[in-house]
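Asks: Predicted structure and sequence below. I'll ask about it afterward.
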There are 2 protein chains.
Amino acid sequence: MKIIELKESVTVSNDRDADKLRQKMLKNGVCLVNIMSSPGAGKTTLLSKTVSDLKNDLTVAVIEADIASDVDAVKFEDLGVKSIQAHTDGMCHMDAGMTERALDEMGYSNTDLIFLENVGNLICPAEFDTGANLNVMITSVPEGDDKPLKYPLMFSTSDALVITKIDTLPYFTFDTEKCIERVRKLNPNIKIFPVSAKTGEGMNKWEEYLRQNLNK
Amino acid sequence: MKIIELKESVTVSNDRDADKLRQKMLKNGVCLVNIMSSPGAGKTTLLSKTVSDLKNDLTVAVIEADIASDVDAVKFEDLGVKSIQAHTDGMCHMDAGMTERALDEMGYSNTDLIFLENVGNLICPAEFDTGANLNVMITSVPEGDDKPLKYPLMFSTSDALVITKIDTLPYFTFDTEKCIERVRKLNPNIKIFPVSAKTGEGMNKWEEYLRQNLNK
């Protein structure tokens, strides 16, 4: 598994670069999915389960973006899927140029689905278009149902929301209905998937959504 | 309860401003404690319990920094302590200038202890000195024990770490020893307090630490 050191792209035209990258992925039949959440919401656990479920009939790869460490990329290598670890040089988000470099280093030909696991952060990644075809955010039960009130941009700009760790609902005061109501007020068209990667509950609908959005 | 709208300070000399503010707080007998964590780690719940325990014999106040909403500041007002809601205009952290403005708007005379609840973010707040006398970070059991590997700067620059939600240890694969070992490798002198604000476990030691650091 490769580790690359990225720096923020020098270009100021991130939106244009992102659009170009999105078109390039479409042309290559790749669906690039940008996964965003706060640290510890369960991005890697959700992706490990998703990749395990899909890898038999789809070609899947994972870009792991982190400030430091390679613990997550190693997990995907162990699952037998292509992965690359991108270090962001302290940066709190990925931009389109950084994403393109990671894609080029990893290779993406004959790949159906590539997950970009963005840096754990509910704020900055919402402000930078990575060029992904789908933007997905995760919020977890232990974080509480008030996150849409405090981090509205992330909830407004995502195509889908995965509510993770629903197996722990009995141990936290998390009102799923209230959370969904708050999210829909910001983003009426967002797709919402409550799941537990641990028990498998809800994973089918989430994976079906990904299959429907493949660029084939 | 007041809400103020802040913008990033125009000054480039944040470190100098932070040192000045720190001295000013010392001179006024105020201990300013900067509380940092990822979203949903339990900053507000920890502070609510801490403030309830300390407010009988100390004068305590809370600055709530968020991108949006005032849900947290209202909670402290309900507890009968002085609080102010600072909106950061989309900014992912507080700097010294923003903190000083919030302090001036709220007032801090005859106050023993002021908590600055920073924006929920494990990355950017570690890069900006707010002028606090103590920097405290929180990591919660549901986030997992690998956070020190992924967000090393925050763990390196904090004076103390509070490990929250320890009542949920039976439901997560969180190795407390391993987490502490990883933290100590980055920051050998950091004070560590495992607590549950829900059951009260460990709160005494954390509150004793705050009392020892008062500027009186």
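Replies: Okay, I see it.
Asks: Strands along chain A, start to end?
Replies: A:2-5, A:31-36, A:60-66, A:82-87, A:113-117, A:134-140, A:160-164, A:191-194 (DSSP state E).
Asks: Throw those into TSV and include mean pLDDT, mean neighbour count and distance to chain B, thanks.
Replies: (Glycine included, C-beta is placed from N, CA and C.) What follows is the strands of chain A, written out as TSV (pLDDT from 0 to 100; neighbours: other C-beta atoms under 10 Å in any protein chain shown; distance: least, C-beta to the nearest C-beta, whole Å):
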stretch	mean pLDDT	mean neighbour count	distance to chain B
strand A:2-5	73	13	14
strand A:31-36	98	25	12
strand A:60-66	96	26	5
strand A:82-87	94	23	11
strand A:113-117	98	26	11
strand A:134-140	98	25	7
strand A:160-164	98	25	10
strand A:191-194	98	18	16
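Asks: So for A:N14, which of the ones you listed sits nearest?
Replies: strand A:31-36 (13.4 Å; C-beta to C-beta).
Asks: If you compare the directions of the closest one and strand A:60-66, what angle comes out?
Replies: 30 degrees (axes from the mean of the first three to the mean of the last three C-alpha atoms, to 10 degrees).
Asks: what's in contact with strand A:31-36?
Replies: With C-beta atoms under 8 Å, 6 or more residues apart in numbering or on different chains as the test, strand A:31-36 has contacts from A:21-22, A:25, A:43, A:46-47, A:94, A:99, A:103, A:112-118, A:121-122, A:125-126, A:130-138, A:154, A:158, A:210, A:213-215.
Asks: if you set the cut-off to 7 Å instead, what comes out?
Replies: Strand A:31-36 is contacted by residues A:25, A:43, A:47, A:112-118, A:125-126, A:130-138, A:154, A:213-215 when judged by C-beta atoms under 7 Å, 6 or more residues apart in numbering or on different chains.
Asks: Turn the strands of chain A into TSV, including distance to B:D145.
Replies: Shown next, in TSV, are those (distance: least, C-beta to C-beta, whole Å):
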stretch	distance to B:D145
strand A:2-5	22
strand A:31-36	21
strand A:60-66	16
strand A:82-87	19
strand A:113-117	18
strand A:134-140	16
strand A:160-164	18
strand A:191-194	25
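Asks: among the ones you listed, which is nearest B:F174?
Replies: strand A:134-140 (13.8 Å).
Asks: which strands and helices sit next to the closest one?
Replies: strand A:31-36, helix A:152-157, strand A:160-164 (3 or more C-beta pairs under 7 Å, 6 or more residues apart in numbering or on different chains; DSSP states H and E).
Asks: could those go into JSON lines alongside distance to B:G200?
Replies: Formatted as JSON lines, the helices and strands packed on strand A:134-140 follow (distance: least, C-beta to C-beta, whole Å):
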{"stretch": "strand A:31-36", "distance to B:G200": "35"}
{"stretch": "helix A:152-157", "distance to B:G200": "33"}
{"stretch": "strand A:160-164", "distance to B:G200": "28"}
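Asks: what are the ranges of the helices in chain A?
Replies: A:14-27, A:43-54, A:71-78, A:96-106, A:147-150, A:152-157, A:176-186, A:203-212 (DSSP state H).
Asks: quick one: average pLDDT of the shortest one?
Replies: Looking back up the chat, that one is helix A:147-150. Confidence for helix A:147-150, expressed as mean pLDDT, is 96.
Asks: any bit of that helix sitting next to chain B?
Replies: Yes: for helix A:147-150, a contact with chain B is found by C-beta under 7 Å from any C-beta of the partner chain, at A:K147, A:L149, A:K150.
Asks: need these in TSV with distance to A:L58 and neighbour count, can you?
Replies: Listed next are these as TSV, based on distance: C-beta to C-beta, whole Å; neighbours: other C-beta atoms under 10 Å in any protein chain shown:
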residue	distance to A:L58	neighbour count
A:K147	31	25
A:L149	36	20
A:K150	35	21
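Asks: Thanks a lot, see you next time.
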